[in-house]
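# The sequence isn't on hand, but the structure is:
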Ligand code: SF4
């Protein structure tokens, strides 16, 4: 059985990667055609290009901020082991607004399109939200699944996940459903259902939570990186994700005002909101909460 370390781009999973050996390390990048996400630093852009050569980094980037990508590069050097980047064949923009597939020759794109077929809602313009979090499935879980399934040894992989000891609730919430995916593995070529995908439910990973098991807390992780002098963005995963708290979204908007515009535009285009409130309202100076929550330690629930 292969052991795979799931690298989220945050400091806990980076700590896990350095302290718990694994056969492979996998990071799922969420791609976007948003020009505000084009990486300005040429070296970092070239590094990302080498990781996902099929994507045009001159025209778009990741929804993860550049500091996260820089830390991934540095982490890879420290590990002395490659971090495999995976990405869906469609960007976050295409996931929301739809994608044209010309024939089925483009396997990666067709596969990804097939993944969309098991999304809960088939409307073209639809925003993910806390309840219908199809972005995680389409942009992270399926690409990681395919990387494990196509290049694994045939058995489910042991997947190290960076939930900490102080995040026991996340560990307890984990159920076997988190390790199963409905996957389009066959396509009927003739007959009544020609062209229709046949899905199979696959148990594709066995979770392991080494930080939670060994009592490693957020404070331990923060101390470790402070001692090492690494800089981490306040929040990892997608910028302005609907799991981030309003105070964190405002903090990000101060640093990345252009990136905020993408989320605001999508909400306006689709006529819906990612979170309970429109991001434009959250960022409006009139809407500041009376009691601002603490900006400190924050665990994005993207992979839960
Ligand atoms: S970080 Fe948030 S927006 Fe990005 S894939 Fe995960 S749930 Fe979706």
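Ah, there it is. In this text the structure is predicted, and so the values were computed from the model without any measurement. Numbering: from 1, shown residues only.
# Give me the pLDDT for the closest residue to the ligand within the stretch 1-150 of the chain.
Closest contact between the stretch 1-150 of the chain and the ligand, by C-beta to the nearest ligand atom, is at residue 135 (3.3 Å). No exception for glycine: its C-beta is placed from N, CA and C like everyone else's. Model confidence at residue 135, given as pLDDT, is 90.
# same deal with residue 118?
The per-residue pLDDT of residue 118 was computed as 45.
# quick revisit: following the helix or strand containing the residue of the stretch 1-150 of the chain closest to the ligand, which helix or strand comes up?
In the assignment (DSSP states H and E), residue 135 maps to helix 134-136. The helix or strand immediately downstream of helix 134-136 is helix 142-151, counting by DSSP H and E.
# Buried residues of that next one, list them for me.
Neighbour counts over helix 142-151 (16 or more other C-beta atoms under 10 Å) mark 142-149 as buried.
# Return the residues in contact with residue 242.
128-130, 274-275 (C-beta atoms under 8 Å, 6 or more residues apart in numbering).
# Pull the most distant pair out of these.
For those, the maximum inter-member distance is 10.5 Å, found between 128 and 275 (C-beta to C-beta).
# per-residue confidence for the closest residue to residue 248 other than its chain neighbours?
For residue 248, ignoring the flanking residues on the chain, the nearest one in space by C-beta to C-beta, 6 or more residues apart in numbering is residue 235 at 5.4 Å. Note on residue 235: pLDDT of 81.
# ok, residue 235 touching residue 250?
No. The criterion here is C-beta atoms under 8 Å, and residue 235 misses it with residue 250 at 11.8 Å.
# residues contacting residue 267?
Residue 267 makes contact with 127, 273-274, 278-280 under the criterion C-beta under 8 Å, 6+ apart.
# Alongside the ligand, which residues does this protein contribute?
The chain has residues 30, 128, 133, 135-136, 139-140, 237-238, 241, 243, 300, 302 near the ligand, with proximity defined as C-beta under 6 Å from any ligand atom.
# Tabulate these (JSON lines), appending neighbour count and distance to residue 72.
JSON lines is the format used below for the residues of the chain next to the ligand (neighbours: other C-beta atoms under 10 Å; distance: C-beta to C-beta, whole Å):
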{"residue": "30", "neighbour count": "26", "distance to residue 72": "13"}
{"residue": "128", "neighbour count": "22", "distance to residue 72": "24"}
{"residue": "133", "neighbour count": "17", "distance to residue 72": "23"}
{"residue": "135", "neighbour count": "24", "distance to residue 72": "20"}
{"residue": "136", "neighbour count": "20", "distance to residue 72": "19"}
{"residue": "139", "neighbour count": "27", "distance to residue 72": "17"}
{"residue": "140", "neighbour count": "24", "distance to residue 72": "15"}
{"residue": "237", "neighbour count": "23", "distance to residue 72": "13"}
{"residue": "238", "neighbour count": "26", "distance to residue 72": "15"}
{"residue": "241", "neighbour count": "25", "distance to residue 72": "18"}
{"residue": "243", "neighbour count": "19", "distance to residue 72": "20"}
{"residue": "300", "neighbour count": "17", "distance to residue 72": "16"}
{"residue": "302", "neighbour count": "21", "distance to residue 72": "16"}
